[in-house]
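Peer 1: After the sequence you'll find the predicted model.
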Amino acid sequence: MKQLLLLRHAKSSWDDPALDDFDRPLAERGLKAARLMGRELAVRDWLPDLALVSPALRTSDTWRLVAAELPVHPRIAFAQALYDASAADILGRIRKADPSSNCLLMVGHNPGLEDLAKQLAAPTSEVKSRKRLEEKFPTAALARFVFEGEWSALSSARLTHCLRPKDLG
């Protein structure tokens, strides 16, 4: 069974309007939410063996804070193509993931990440999680999918959880 974890970057700061979008840091709320999501991954034992991360500052900082909460550290790949990527581009990158990886964490951006999560959610998905996903996929939200097969053939998966920081405390 493969696990796919789609994590939207935590809340970023807009305090400096002169900063390029790529270079926006996390806001204080984002720092807290990223740590919270990392702790939640650890508690639930959803430990990725591979992380694919957009290299934008807010995504790499989200990853750094999440990773600090994990008991083990996966292989990591920063991919420029994940910055501002469409759902199709993200799925294409996932399909190229190392076949030996059983749990893949993708840290990226909306709208591509949310669009992909909605596309992947199979009819067998957990009803409450699907409803949450349809309502909103806010910053630091995490969608967990499971499926049988290879990354290269991924087109649909069972959404088991859609976690938002506000739901966790």
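Peer 2: Now that the structure is in, tell me what you want to look at.
Peer 1: Walk me through the regions of the protein where pLDDT falls short of the threshold, as ranges.
Peer 2: 169 (pLDDT under 70).
Peer 1: Let me know the outermost residue of it.
Peer 2: Ala18 (27.2 Å; C-alpha atoms, centre = their mean).
Peer 1: residue contacts, Ala34?
Peer 2: By C-beta atoms under 8 Å, 6 or more residues apart in numbering, the contact list for Ala34 reads Ala10, Leu26, Asp61, Thr62, Leu65, Val66, Ala140. Backbone N, C-alpha and C define where each C-beta goes, glycine included.
Peer 1: Can you give the distance of stretch 119-128 from its chain's centre?
Peer 2: 17 Å (C-alpha atoms, centre = their mean, to the nearest Å).
Peer 1: Same check on stretch 60-70?
Peer 2: On C-alpha atoms, centre = their mean, the centre of stretch 60-70 falls 12 Å from the chain's centre.
Peer 1: which parts of that stretch are buried?
Peer 2: Across stretch 60-70, burial judged by 16 or more other C-beta atoms under 10 Å covers Ser60, Asp61, Thr62, Trp63, Leu65, Val66, Ala67, Glu69, Leu70.
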